[in-house]
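# okay, sequence plus prediction incoming.
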Amino acid sequence: MSPALFRFDRIDKLLRINENELSTIMPKKIILDVDPGVVDAMVLCLAAFDPTVEIVALTSVGGNVPADVAAKNLQALVEFLDPPRLPRLGTGSPPDDPIPFDYQHIHGTDGLGGGSPLPVVERRSPHPAEKILCDAIRNDPENIIIICLGPLTNIARAVARDPELPNMIRHIYIAGGALGGQGNATPCAEFNIYADVEAAETVFRLPCTKTLVPLDVTNSFLLTLQHLELFPGGETKLGKLLHEMIPPALWSYHRCYGVAGLPIHDLVTYMVAVHPAWATTNELPVQIETMGDLTRGMTVADQRPVPEFSPNIEVVTKIKVKSMMQEILQGLERSTKCLEAEGVRS
């Protein structure tokens, strides 16, 4: 090999950096599509000060709480965290078909535990969530990761508004589905899919990279009172908020379902999106059942040796719970320190 070719070969090797290594150097550009909700509020508290991500937009969607409450909660949380630094907000409107029910019996009537201390300043001219999504992705095509933590209404509407959008999305992570057949909205349907079945069907058919984080793995990760004892203390701004939001949700979940812990599906999905190495995935052909009286909203995966159609989505089958819990605790501590240093008022 000539000296010139040898030098070129060394340079070529140095430039070949895989995606996981690159993510430690360059923050991932993300859009969080949320329906806060106590758990989504925790995600926002983590993501706002996460050095591995750059939040380019935040959009609200009806789900855990109605669309108008979700929009108010998102704005209140942004005001609490750092309004000058965080990006534009998009406000989602209700789906065409009313959501059959929500989870205010768990998250409280205000979605944040039932007695949120966060003040809300009404926005005079809210921007539609689908417009914010379209603008952000078109401004930086092929670089934006969308993390969907509620029903998929906003994504489907953004695609209807701009049909070329799917070709410009880098990756979509979806909190939802139940491939094992045990749902949480119905016996076989998970809530985020069930809440807007037509939107879910649209998104699952999109020709872009998608990852589904279903109940099959997220049900194994419960937030307990023991975890809460490790959270930032109530004397801190963030700790005060967390200790006001989470215990009512824990007790409500225990009262309604007899489980001594709160599922944190959305927080797990965020962790998978930011740390994909902590998840094992399998490409599967998955469809959404839209018609059945008993099975509407079911995520149906064809796992036969010879499936009827090609795989269309990555499905998370296993997660590193200990790594995720450690990162959650460290992330909340980091956010606490940042809030205290910046003097943001609760």
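Received the coordinates, thanks.
# residue boundaries of the helices in the protein?
For the chain, the helices defined by DSSP state H occupy 3-15, 19-23, 38-47, 67-81, 104-107, 129-139, 153-161, 191-195, 197-204, 215-218, 225-228, 237-257, 265-274, 321-342.
# just the ones you listed: most buried one?
Ranked by mean neighbour count, the helices of the chain are led by helix 191-195 with a mean of 28 (mean count of other C-beta atoms under 10 Å). C-beta here means a position set from N, CA and C on the backbone, and glycine is covered the same way.
# center of the chain, which residue is that?
In the chain, the residue lying closest to the centroid (C-alpha atoms, centre = their mean) is residue 149, at 3.3 Å.
# spit out the contact partners of that residue.
Counting by C-beta atoms under 8 Å, 6 or more residues apart in numbering, residue 149 touches 32-35, 37, 39-40, 43, 175, 192, 266, 269-270.
# closest one of those to residue 103?
Ranked by distance to residue 103 (C-beta to C-beta), the contacts of residue 149 are led by residue 37 at 7.4 Å.
# separation between that closest one and residue 327?
Using C-beta to C-beta, to the nearest Å, residue 37 is found at 20 Å from residue 327.
# again with residue 312
With distances taken as C-beta to C-beta, residue 312 is found 29 Å from residue 327.
# next: residue 147.
From residue 147 to residue 327 the distance is 15 Å (C-beta to C-beta).
# could you do residue 314 as well?
Separation of residue 314 from residue 327 (C-beta to C-beta) stands at 21 Å.
# that older thread, and the helices of the chain as JSON lines, adding distance to residue 181 and mean pLDDT?
What follows is those, written out as JSON lines (distance: least, C-beta to C-beta, whole Å; pLDDT from 0 to 100):
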{"stretch": "helix 3-15", "distance to residue 181": "46", "mean pLDDT": "41"}
{"stretch": "helix 19-23", "distance to residue 181": "33", "mean pLDDT": "47"}
{"stretch": "helix 38-47", "distance to residue 181": "23", "mean pLDDT": "96"}
{"stretch": "helix 67-81", "distance to residue 181": "29", "mean pLDDT": "91"}
{"stretch": "helix 104-107", "distance to residue 181": "23", "mean pLDDT": "82"}
{"stretch": "helix 129-139", "distance to residue 181": "31", "mean pLDDT": "97"}
{"stretch": "helix 153-161", "distance to residue 181": "25", "mean pLDDT": "97"}
{"stretch": "helix 191-195", "distance to residue 181": "13", "mean pLDDT": "96"}
{"stretch": "helix 197-204", "distance to residue 181": "17", "mean pLDDT": "97"}
{"stretch": "helix 215-218", "distance to residue 181": "9", "mean pLDDT": "96"}
{"stretch": "helix 225-228", "distance to residue 181": "29", "mean pLDDT": "94"}
{"stretch": "helix 237-257", "distance to residue 181": "18", "mean pLDDT": "92"}
{"stretch": "helix 265-274", "distance to residue 181": "17", "mean pLDDT": "98"}
{"stretch": "helix 321-342", "distance to residue 181": "22", "mean pLDDT": "93"}
